[in-house]
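Student: here's a sequence, model it:
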Amino acid sequence: MMIGQDSASLPQTGPKRDTGHAAASLANSGEYDTLILDGTGTIRSCGAAAEAMFGAGRIGMIGRQVSEFIAGLSRSESSPSFSERYLMYLCTDQVWRRFQALDADGTEFAVELKLSRIKSDGQEVFALTLRRPPTR
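Tutor: Residues are numbered from 1 along each chain as shown. Predicted coordinates for the structure are as follows:
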């Protein structure tokens, strides 16, 4: 599947879309933005700044694997339980990590992120806070 392709036909599993959207709205602030992921690394919600950062609208991002946009973040080729454990591992130290990302046009760029586990409406999701690295 190509970045930016319509994902409306993708099956929606995991947390309800409203749950993720509410969590993303609460987490967004200033120069940062947030993607809400389920345990398999599937994007369940995103903010407007993340849409602009990746050059893909909400429909082009929700339901897709985060690894389609950020290389090395998800272990989608592994079992779902391994993917979730990997995301939990990335939550442990709350430091900014640098990854290479890919926008809808195929252009690579650096992105920094922090990952947190949150419970919303009784479901556990991951809040992926994103920012562009500071320029020197």
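Student: what segments of the chain are strands?
Tutor: 33-37, 43-46, 97-102, 108-120, 123-131 (DSSP state E).
Student: which parts of this structure are helices?
Tutor: Taking DSSP state H, the helices of the chain run over residues 17-27, 48-54, 58-61, 80-91.
Student: tell me, which of those helices is the model least confident about?
Tutor: Lowest mean pLDDT of these: helix 17-27, a mean of 41.
Student: sorry, back to before: which of the strands of the chain sits closest to residue 54?
Tutor: The closest approach between residue 54 and any of the strands of the chain, judged by Cβ to Cβ, belongs to strand 97-102 at 7.1 Å. Bear in mind the C-beta positions are built from the backbone N, C-alpha and C, glycine included.
Student: what's the angle from that closest one to strand 123-131?
Tutor: With axes from the mean of the first three to the mean of the last three Cα atoms, to 10 degrees defining the directions, strand 97-102 sits at 80 degrees from strand 123-131.
Student: elements contacting strand 97-102?
Tutor: On a contact count with 3 or more Cβ pairs under 8 Å, 6 or more residues apart in numbering; DSSP states H and E, strand 97-102 meets helix 48-54, strand 108-120.
Student: what residues does it touch?
Tutor: Residues from elsewhere that reach strand 97-102 (Cβ atoms under 8 Å, 6 or more residues apart in numbering): 3, 53-54, 68-73, 90, 108-114, 133.
Student: now do the contacts for the spatially most central residue of the chain.
Tutor: Closest to where the C-alpha atoms of the chain average out (Cα atoms, centre = their mean) is residue 35, at 3.9 Å. If you count contacts by Cβ under 8 Å, 6+ apart, residue 35 has them with 24, 43, 45, 46, 47, 50, 61, 66, 127, 128, 130.
Student: many thanks, have a good one.
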